[in-house]
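J.: the following block contains a protein sequence and its predicted model.
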Amino acid sequence: MRTLLIEIRRTPLLWLLVFVPALFVAEALRPEAPSLLFVLSVLAIVPLAALLSRATESVAAKTGDTVGGLLNATLGNLTELVIALAALRAGQYVLVKASIAGAIVTNTLFLLGASFLLGGLKHHTQEYNRNNARLQASLLFLATIALLAPSAVRGADAGPAMAEFVRALSLGLSGLLIVAYALGMVFSLKTHREIFASAEHEGEEEPTWPVGLAVATLAAVTVLVALVSEVFVESVQEAAVAFGMTPAFVGFIVVALVGGAAEMASAFSGALKDRLDLSVGIALGSASQIALFVAPVLVLLSYVMGPAPMGLEFWPGAVVMILIATITASSVTNSGRSAWFVGVLLMMVYAIFAMTLYLLPPQTPPGP
Amino acid sequence: MRTLLIEIRRTPLLWLLVFVPALFVAEALRPEAPSLLFVLSVLAIVPLAALLSRATESVAAKTGDTVGGLLNATLGNLTELVIALAALRAGQYVLVKASIAGAIVTNTLFLLGASFLLGGLKHHTQEYNRNNARLQASLLFLATIALLAPSAVRGADAGPAMAEFVRALSLGLSGLLIVAYALGMVFSLKTHREIFASAEHEGEEEPTWPVGLAVATLAAVTVLVALVSEVFVESVQEAAVAFGMTPAFVGFIVVALVGGAAEMASAFSGALKDRLDLSVGIALGSASQIALFVAPVLVLLSYVMGPAPMGLEFWPGAVVMILIATITASSVTNSGRSAWFVGVLLMMVYAIFAMTLYLLPPQTPPGP
Amino acid sequence: MRTLLIEIRRTPLLWLLVFVPALFVAEALRPEAPSLLFVLSVLAIVPLAALLSRATESVAAKTGDTVGGLLNATLGNLTELVIALAALRAGQYVLVKASIAGAIVTNTLFLLGASFLLGGLKHHTQEYNRNNARLQASLLFLATIALLAPSAVRGADAGPAMAEFVRALSLGLSGLLIVAYALGMVFSLKTHREIFASAEHEGEEEPTWPVGLAVATLAAVTVLVALVSEVFVESVQEAAVAFGMTPAFVGFIVVALVGGAAEMASAFSGALKDRLDLSVGIALGSASQIALFVAPVLVLLSYVMGPAPMGLEFWPGAVVMILIATITASSVTNSGRSAWFVGVLLMMVYAIFAMTLYLLPPQTPPGP
């Protein structure tokens, strides 16, 4: 605990933690002021993300970058899972799916691209273990194929036989994706662990935290991020309209960027330290976890918690964006080398998506 | 001949050969019992496939894996060609196309995936000559592009000018695909033969058959497979309905799995013996032969033997499945290395297709 | 100047230069004879292209193949830019877009494929720097993604809100593509110049021209090509109908083939001399320059020079062809090695497109 306080005193960024209690106070006193809550929640998420990044690095330093990256992606996606569960309970399936699709696209394009750009500006060229990138990209590709069938059928026909077909197919595909995700973990952590090993790193300068403190901080801060994110989601829709953004843009881009702030801090810090395995592991591991674990679990939970069963079908535009993001990330990580321009390319693709969603007239179906 | 009888006595699996005459007797006595004929024909195909595999290996051992694989694919696809010709004469173009599309998808996903899985479970990682995989994947990709144009046009417009356009385009594309296939053989067997050579294998333990016996067995057993397959196809539709399967599922999955049994036995046996070049050659070579040789030949033969000219257009879902199968096989074989999880990924994509076709409501257009 | 005259006397092909003044005389005397002007303009373009090729090689010999290729692509595309500007002033946006899409597809498939085929027939296998091919293919892929959004939206809905959306999106995307193109040049010519270096070449036998003469010839001949091309474009539509070709075929294939004659001469000559870096640089560099620089500049200029703003949306068939061409070129250049059959594959894909466009019934919307 003292280690933690010392760390906070030393790092000016962490002083922003004061906005966490400020947000909860504001929420209790002024629940009807979405623009205020929106700004406060963004300010509160930033230091929490930084703290999470610091704790994850301490664990990663002791477990190797692949496991560390996986751990980070798991805890980072708790945020997305908690947000989606709240929306699921309220029956807001359009928001659930926009946040899932947005998180996949943001992780594979923006998070990976910004890591390559930041790392590339500091280090001329960077190398990383491409086997892990390939595995995650393959899993993502599998998930994208699984989304195609129900989405295509649902777009073409809305009869009762088709609705039942989409429901049954979504259940079967969800089971299949979870099995594939589990087998992928067996493959990368057990049977073929050696081919996913990271490159060696010369001495880490920063002192690492004890594992106990790091794990406890990871858990506690993740819960705080989830609480703050919930306020953020409640306020973002109204605040966004006030700032002149379309619902599609908010669901896809804004929610995903703020929801992924914790992972971004870790990934960018890894890239700057030339530990690109950590960045790639977070970016693609997080995306594949959302696609193969979070999304199917939400489909299954909709039978228990939601007002009606939710399917795996998505809005055609979302499927195309996920497909392009997957293909782009897959071909870009094929060589295991990176330079700043690779990051620019990934972020340009993301910018095309963001620009399209930002300019899209509001009457267009925003989802699901 | 004595070598053959000794082989049959030694191998319990080959005792199932007794079901071959049993099937023909049953067909003569009880032609109105599709479920019985269905079960008997499946039981009869299995030992024939095993015998074919054994004979092909003997030839392959003398000619090198690439030529052996090509030979195997050629004879194995005689089955598909004979089945399709029977359906063509009867004017059942929907069945012809479902079996073509199903054979391509089953070879590239299930056959390749199961080979990687079986080989990978026995051997930690396996290597193979990726040049051959690349060539076959490129040919498949070319064939997929050729299917796109007539399929897209046919889906959008059904006027007489478009029907004439599809007919003329199909003729031209069929000629082009056959030329590409022939040039591909010149490239891999003549001008650049050296880059398709297989890795060396240490001493084969099994005694190989004399070439004369092997070739004679190959030919005779292929004819038997074709005869049995014909009974199978006649009975499968009715039997499938009795077992509760949709026509789309039967045409795509069941016909392709049983029709490809002979190739599967050879490919799996190659994978288990760490001769993955043989397996990859069979899987992708067979798929590209069906796409670039069998399908165009059927289009040309429809002018001579069919009630009306047949085009190269396919049902949109079939085109998408062929496209995904091609892209998946292409990216998976890019590295020339394999482990069990690569096989799982391929089979998962196949499972997504099978699940979709199995659950598809019957009123959906099953093709072409 | 004397060097130039000696060169012309030595090279029989350059004697065709006599058709350049012949064309201008015929245009002045017989402006109503499109078939005559068509034939004369094709005959005049061939020697100009050869001269351009010779001058570019002289410059390339002094600046390295990458810079030489870029230079060639820049000057070669002046032709396309001048043609498109004339069509833009006349408000013929369908022709502008057909020539842009056709030039991209022809460069990536026909020009690259014929270079690989010609080079491969003379040299068994050829190697080239795949980093440059990858960079150009990535830029092309980015441009293709940018075309998808406005094209998809425009096809689905023609309301006024959508028209305004396509207009605004096209402006934004045009800016983004130009920035990406500029950053790509910074990357390949400045910050990471070393990874784009060509392989060493043993002594060039042909004497190179002085840089001053070479640059002056490049400039002057480019202007002549532009003038001749303009006559060609004016006459080609009517002449094509006389020869029985569809408008879609003319816009996509004939204009692009003749418009790219200059680049073809340089690329083929590079391939035959085993300087494949030059050929790949011209083919893919030219395609990416048209997609990321010429097309966006035309969109921006349409606000100043055209009768109405032009958008970035294309006919769906054109988008699919550009996408397939990009994916094909990208996967084919991934290895950095080539043989004759790779060229055959690329040209087969081009032949599929050409065959489809040639047979397409005229009532089909030819664009944009």
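T.: Done, it's in.
J.: give me every residue that touches the residue lying closest to A:T11 once chain neighbours are set aside.
T.: Excluding its sequence neighbours, the residue lying closest to A:T11 (C-beta to C-beta, 6 or more residues apart in numbering or on different chains) is A:A50, at 7.3 Å. C-beta here means a position set from N, CA and C on the backbone, and glycine is covered the same way. For A:A50, the contact set (C-beta atoms under 8 Å, 6 or more residues apart in numbering or on different chains) comprises A:T11, A:L13, A:L14, A:A265.
J.: got a list of what A:T144 touches?
T.: Per C-beta under 8 Å, 6+ apart, neighbours of A:T144: A:A291, A:V319, A:I322, A:L323, A:T326.
J.: buried ones among the residues you listed?
T.: For the contacts of A:T144, a burial check counting by 16 or more other C-beta atoms under 10 Å in any protein chain shown picks out A:A291, A:V319, A:I322, A:L323, A:T326.
J.: does the last one count as helix, strand or coil?
T.: Classification of A:T326 using DSSP: H, G, I helix; E, B strand; the rest coil returns helix.
J.: identify the residues contacting it.
T.: A:T326 sits next to A:T108, A:A137, A:L140, A:F141, A:T144 when contact means C-beta under 8 Å, 6+ apart.
J.: restrict those residues to the buried ones and give me that as a ChimeraX selection.
T.: Applying 16+ other C-beta under 10 Å to the contacts of A:T326, the buried members can be selected in ChimeraX as follows:
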select /A:108,137,140,141,144
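J.: what about the contacts of A:T326, which are in strands?
T.: Among the contacts of A:T326, DSSP state E puts none in strands.
J.: tabulate the contacts of A:T326 (JSON lines), appending distance to B:D274 and pLDDT.
T.: Shown next, in JSON lines, are these (distance: C-beta to C-beta, whole Å; pLDDT from 0 to 100):
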{"residue": "A:T108", "distance to B:D274": "36", "pLDDT": "94"}
{"residue": "A:A137", "distance to B:D274": "27", "pLDDT": "91"}
{"residue": "A:L140", "distance to B:D274": "30", "pLDDT": "93"}
{"residue": "A:F141", "distance to B:D274": "27", "pLDDT": "93"}
{"residue": "A:T144", "distance to B:D274": "33", "pLDDT": "93"}
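J.: show me what from chain A comes close to chain B.
T.: Counting by C-beta under 8 Å from any C-beta of the partner chain, the positions of chain A adjacent to chain B are A:135, A:138-139, A:141-142, A:145-146, A:148-149, A:152, A:161-162, A:164-165, A:168-169, A:172-173, A:176, A:180, A:183-184, A:187, A:191-192, A:195, A:330, A:334.
J.: same thing but at 6 Å, please
T.: For chain A, the residues in contact with chain B (C-beta under 6 Å from any C-beta of the partner chain) are A:138, A:142, A:145-146, A:149, A:161, A:165, A:168-169, A:172, A:180, A:183, A:187, A:192.
J.: which single one of the contacts of A:T326 is nearest to B:V231?
T.: B:V231 lies nearest to A:F141 out of those, by C-beta to C-beta, at 39.5 Å.
J.: now do stretch A:182-196: everything it contacts.
T.: With contacts defined as C-beta atoms under 6 Å, 6 or more residues apart in numbering or on different chains, stretch A:182-196 is touched by A:T66, A:N131, A:N132, A:L135, A:L139, B:A339, B:F341, B:V344.
J.: which residue does the stretch 1-150 of chain A bring closest to chain B?
T.: Distances between the stretch 1-150 of chain A and chain B by C-beta to the nearest C-beta are smallest at A:A149, namely 4.4 Å.
J.: want to throw the buried ones among the contacts of A:T144 into JSON lines with pLDDT and secondary structure?
T.: Formatted as JSON lines, those follow (pLDDT from 0 to 100; DSSP: H, G, I helix; E, B strand; the rest coil):
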{"residue": "A:A291", "pLDDT": "93", "secondary structure": "helix"}
{"residue": "A:V319", "pLDDT": "91", "secondary structure": "helix"}
{"residue": "A:I322", "pLDDT": "94", "secondary structure": "helix"}
{"residue": "A:L323", "pLDDT": "93", "secondary structure": "helix"}
{"residue": "A:T326", "pLDDT": "93", "secondary structure": "helix"}
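J.: quick revisit: and the residues of chain A next to chain B, which of them are buried?
T.: By neighbour count, with 16+ other C-beta under 10 Å, the residues of chain A next to chain B hold A:138, A:142, A:145-146, A:149, A:165, A:168-169, A:172, A:180, A:183, A:187, A:192 as buried.
J.: among those, which one has the lowest pLDDT?
T.: Least confident entry in these, by pLDDT: A:H192, with 80.
J.: quick check: which ranges of chain A have low pLDDT?
T.: Within chain A, the segments meeting pLDDT under 70 span A:53, A:57, A:64-76, A:78-79, A:154-158, A:198-207, A:362-368.
J.: so A:Q126 touches A:R337, yeah?
T.: No. Between A:Q126 and A:R337 there is no contact under C-beta atoms under 6 Å: 7.0 Å.
J.: these two - which one has more neighbours?
T.: Higher neighbour count among A:Q126 and A:R337: A:Q126, with 24 against 15, using other C-beta atoms under 10 Å in any protein chain shown.
J.: quick check: phi and psi on that one?
T.: Backbone torsions for A:Q126, taken as degrees, to the nearest 10, come to phi -130, psi 150.
J.: report the contact partners of it.
T.: A:Q126 sits next to A:G119, A:L276, A:S338 when contact means C-beta under 6 Å, 6+ apart.
J.: how far away is the residue nearest to the first one when sequence neighbours are not counted from chain C?
T.: Nearest residue to A:G119, sequence neighbours excluded (C-beta to C-beta, 6+ apart): A:A271, at 3.4 Å. Distance check for A:A271 against chain C: by C-beta to the nearest C-beta, to the nearest Å, it reads 17 Å.
J.: which residues touch A:A271?
T.: A:A271 touches A:S115, A:L118, A:G119, A:S279, counting by C-beta under 6 Å, 6+ apart.
J.: go again with 8 Å.
T.: Applying C-beta under 8 Å, 6+ apart, the residues near A:A271 are A:S115, A:F116, A:L118, A:G119, A:Q126, A:S279.
J.: distance from the chain centre to the helix or strand where the fourth one lies, please.
T.: Here A:G119 is covered by helix A:112-122, with elements defined by DSSP states H and E. From the chain centre to the centre of helix A:112-122 is a distance of 18 Å (C-alpha atoms, centre = their mean, to the nearest Å).
J.: tell me which parts of the stretch 251-368 of chain A are close to chain C?
T.: Contacts of the stretch 251-368 of chain A with chain C, taken as C-beta under 8 Å from any C-beta, map to A:317, A:320, A:324, A:328, A:331-332, A:334, A:339-341, A:344-345, A:348-349, A:351-352, A:355-356, A:359-361, A:363.
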